[in-house]
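Q: below: sequence and its predicted model.
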Amino acid sequence: MNKGSKYWSKHSWEKFDLIELANTQRSITNFVKILTGEEIPVEFTTTGDSMTDGKSITISSNITQNTLDSTIGLALHEGAHCTYTNFDVPKKIGNFLLERNLIHGKEIILLLLNFVEDRRIDQLVYNTAPGYQSYYKAMYDKYFYNSTVDNGILSNKFRKENWESYIFRIINIFNKNTDLTALTKLKEVYNILDLKNISRLENTLDSLNIASKMYSCIRDYLVTLTKEEYAKQSQLNKKNNNPKGASIKSLKNLLKKQEDFTMGKVHKQKISTLHKNKIKAISESLIKVEFITSANKKRPVHIMDGISDASINENLYDKFHSFKYTKNNNLIEQGITKGKRLLNKLQIRNEQITSSSKRLKQGKIDPRRIYAANFEEDLFYKIDKSNYKPINLNISIDGSGSMRGDKWEQVLINTIALGYVSLNMDNINILISIRTSGDAFTRGQVPLLILAFDSKKHKLKDLKKLKYYREDGLTPEGICLEALNIPNSSYYLDSYLINMSDGMPTFLEYKGKKAILDTARVIKNIKKGGVNILSYFIEGEYNSYKHDAENNFKQMYGKDASFININNINEITKTLNNLLLKKELVS
């Protein structure tokens, strides 16, 4: 059974790209929230090493499949500190030490405090959140459980009676190979720590008291140790241990990393502010990658769930105008005005249709017929109530460069009108999606599906963000339509795919006959789910594609596919108006 990130992660590259980093950041943020019950920010560091401040968590950008679990473990470890550690204790440690005449040992006691607090916090999480144990194990394997540490513990290194040896032995005291006879006071320190009962410590101040006792035990011994006793003890400590193993240099480097970890100063690969902003935008846009097999080739499709402010600000995929762009404002207003007119015609869908049947043998008593009770039995009546069946409209728009100009403007007006209607009707759900290709940061051009507006969760302000979309890119028709995952029609719900495009499917080598046949395959599968297809080929005013494209377009979308001149694009909304009022949609 897969554990840790292997259970849920779908990463496919060794080194994560910006999308994978954004998804990882979002996952870690959720893990930390579940663990702590708090909204603790998790961000990539832009300045290198950083300590946990109790308010936020930083993670390294150098994440791979092999380091993902340990990265999550470290973030959870720091998140637990944010919740359970009192950061005022180490900040005010000077007063505590002065009262006990321990101020000269401040640095060592601070290190021992962090060590004890780590054990307290980690044990607390390990006991209360078993689902996170695999991440903690990966973190400990990286910093504490490895062959270098094992060799160091079993070797003749760090067996001299000095602080460096004690720190190495204490930091690794929970290792299965630990040797409590390696140093004179190590066993006594181990008993003071009492790892098996570490949960007895209830707070950070308790951890500080234990750290101070550990320090005092070692200090009192070292300050009274004579040169002769030191030499004798060091010689004794060299017996019965392996002289081989890791070099003293490698062990000291390891100890430095362990000390930094204990102090919360873990080295984290920094990321540029530019990439950090991109990652934030990707995360807010809930971008995910799905692999679609089309024309016998597996391709990643990038799916953007909504148009966020961050995606516009950062111009994700190079697909958006800036917020200063006002050229489409008038088109949005035209669309809303048109939507209001359409809404007036469709209000009947919000009304309940009622009919009354009288002179029945059973039902509710009709008081107006009681007078005839002695002569007739048909004094009952029944009221039948029915509503228009809910309908799902999936409006999928070709957002490629060939749609630029008048075509896009007219499509935008009509799309805004339909979106406006859906926001004001109880039984019409509309999902507006845009099919195109985009610059995927470090991976080149990719098929891009933008789920621009969903009436189930979005508002008018979200619908208006369509004005910032910049029509550009290629036409990965069938690839994006397959990633759309249109819900099937049923007895209780009618589902429609409304396609508006102006060209043939094209994306790199995905073009020509194989792309047409692949799109036809996707549409056929959609139809099998009972989804109705309304497909419109938008013709330009001056260069009609009808003659060359008619057969191919109908081959993809069926014989009912329509060709609409840009000047007659209102025919689309007229058709939909009639569709929405069909009596067959009454349930």
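A: All right, it came through fine. Residues are numbered from 1 along each chain as shown.

Q: which neighbouring elements make contact with the lengthiest helix in the chain?
A: Taking DSSP state H as the criterion, the chain has its longest helix at helix 106-128. Under the contact criterion of 3 or more CB pairs under 8 Å, 6 or more residues apart in numbering; DSSP states H and E, helix 106-128 touches helix 68-84, helix 88-91, helix 93-99, helix 133-143, helix 163-171, helix 204-224, helix 248-262. For glycine as for every other residue, the C-beta is placed from the backbone atoms N, C-alpha and C.

Q: angle of that helix against helix 133-143?
A: Computed by axes from the mean of the first three to the mean of the last three CA atoms, to 10 degrees, the angle separating helix 106-128 from helix 133-143 equals 150 degrees.

Q: quick revisit: out of the helices and strands packed on helix 106-128, flag the one nearest residue 417.
A: Among the helices and strands packed on helix 106-128, the nearest to residue 417 by CB to CB is helix 68-84 (45.9 Å).

Q: send the alpha carbons of that closest one over as CSV?
A: What follows is helix 68-84, C-alpha atoms only, in CSV (Å, rounded to 0.1, in the frame of the first residue of the first chain):
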residue,chain,number,x,y,z
LEU,A,68,8.5,15.6,-1.4
ASP,A,69,7.7,13.6,1.7
SER,A,70,10.5,15.0,3.8
THR,A,71,9.6,18.5,2.7
ILE,A,72,6.0,17.9,3.8
GLY,A,73,7.3,16.5,7.1
LEU,A,74,9.4,19.6,7.7
ALA,A,75,6.4,21.9,7.0
LEU,A,76,4.2,19.9,9.4
HIS,A,77,7.0,20.0,12.0
GLU,A,78,7.2,23.8,11.7
GLY,A,79,3.4,24.1,11.6
ALA,A,80,3.2,22.1,14.9
HIS,A,81,5.7,24.6,16.4
CYS,A,82,3.5,27.5,15.3
THR,A,83,0.6,26.0,17.2
TYR,A,84,2.2,24.3,20.2
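
Q: mind listing what's buried in that helix?
A: Neighbour-count burial for helix 68-84 flags 68-83 (criterion: 16 or more other CB atoms under 10 Å).

Q: which among these gets closest to residue 272?
A: Of all the buried residues of helix 68-84, residue 272 sits closest to residue 71, with 18.9 Å by CB to CB.

Q: pretty sure that closest one is touching residue 61, no?
A: No - judged on CB atoms under 8 Å, residue 71 makes no contact with residue 61 at a distance of 9.9 Å.

Q: now, the most widely separated pair of the buried residues of helix 68-84?
A: The distance between the two most remote of the buried residues of helix 68-84 (CB to CB) is 22.8 Å, for 68 and 83.

Q: follow-up on the earlier one: and the buried residues of helix 68-84, which is closest to residue 395?
A: Out of the buried residues of helix 68-84, the member with the shortest distance to residue 395 (by CB to CB) is residue 68, at 37.8 Å.

Q: where's the closest one relative to residue 134, distance?
A: Look at residue 68 and residue 134: by CB to CB, to the nearest Å, they are 11 Å apart.

Q: ok so, going back, ok, residues contacting the longest helix of the chain?
A: Helix 106-128 is contacted from outside by 35, 76-77, 80-81, 84-85, 89-90, 93-94, 97, 102, 132-133, 136, 163, 167, 170-171, 174, 193, 195, 198-199, 201, 204, 206-208, 210-212, 214-215, 259, 262-264, using CB atoms under 8 Å, 6 or more residues apart in numbering.

Q: excluding covalently adjacent residues, which one is nearest to residue 407?
A: residue 538 (5.1 Å; CB to CB, 6 or more residues apart in numbering).

Q: the one you found: which element?
A: In the assignment (DSSP states H and E), residue 538 maps to strand 532-539.

Q: how about that strand: buried residues?
A: 532-539.

Q: which parts of the stretch 301-450 of the chain are strands?
A: 353-360, 364-365, 380-386, 391-398, 428-439, 445-454 (DSSP state E, counting those that start in this stretch).

Q: what's the distance between the fifth one and the middle of its chain?
A: Relative to the chain's own centre, strand 428-439 is displaced by 20 Å; criterion: CA atoms, centre = their mean, to the nearest Å.

Q: what strands flank that strand, and is each parallel or antiparallel?
A: According to DSSP bridges, strand 428-439 forms sheet pairs with strand 391-398 (parallel), strand 445-454 (antiparallel).

Q: compute the inter-axis angle for the first one and strand 532-539.
A: Same thing as strand 391-398. Relative orientation of strand 391-398 with respect to strand 532-539: 30 degrees, computed using the same axes, to 10 degrees.

Q: what's the burial count for residue 232?
A: The burial metric for residue 232, expressed as a neighbour count using other CB atoms under 10 Å, is 12.

Q: phi, psi of it?
A: Phi and psi for residue 232, reported as degrees, to the nearest 10, are phi -60, psi -40.

Q: flag every buried residue along stretch 124-140.
A: Here stretch 124-140 shows 124-125, 129, 132, 134-140 as buried, counting by 16+ other CB under 10 Å.

Q: kindly check the end-to-end length of that stretch for me.
A: Terminal residues of stretch 124-140 are spaced 15 Å apart (CA to CA, to the nearest Å).

Q: pLDDT (mean, whole number) over that stretch?
A: When pLDDT is averaged over stretch 124-140, the result is 88.

Q: run the chain-centre distance for that stretch.
A: In terms of CA atoms, centre = their mean, the centre of stretch 124-140 is found 22 Å from the chain centre.

Q: tell me where the stretch 451-587 of the chain has helices.
A: Along the stretch 451-587 of the chain, counting by DSSP state H, counting those that start in this stretch, helices occupy 460-464, 477-483, 512-528, 546-557, 570-580.

Q: give the bridge partners for residue 534, please.
A: In beta-bridge terms (that is, DSSP bridges), residue 534 pairs with residue 498.

Q: that one contacts residue 497, correct?
A: Yes - shown here, residue 534 and residue 497 form a contact pair, counting by CB under 8 Å, at 7.1 Å.

Q: related to what we said a few turns ago, please identify the deepest-packed of the helices and strands packed on helix 106-128.
A: Among the helices and strands packed on helix 106-128, the stretch with the highest mean neighbour count (mean count of other CB atoms under 10 Å) is helix 68-84, at a mean of 23.
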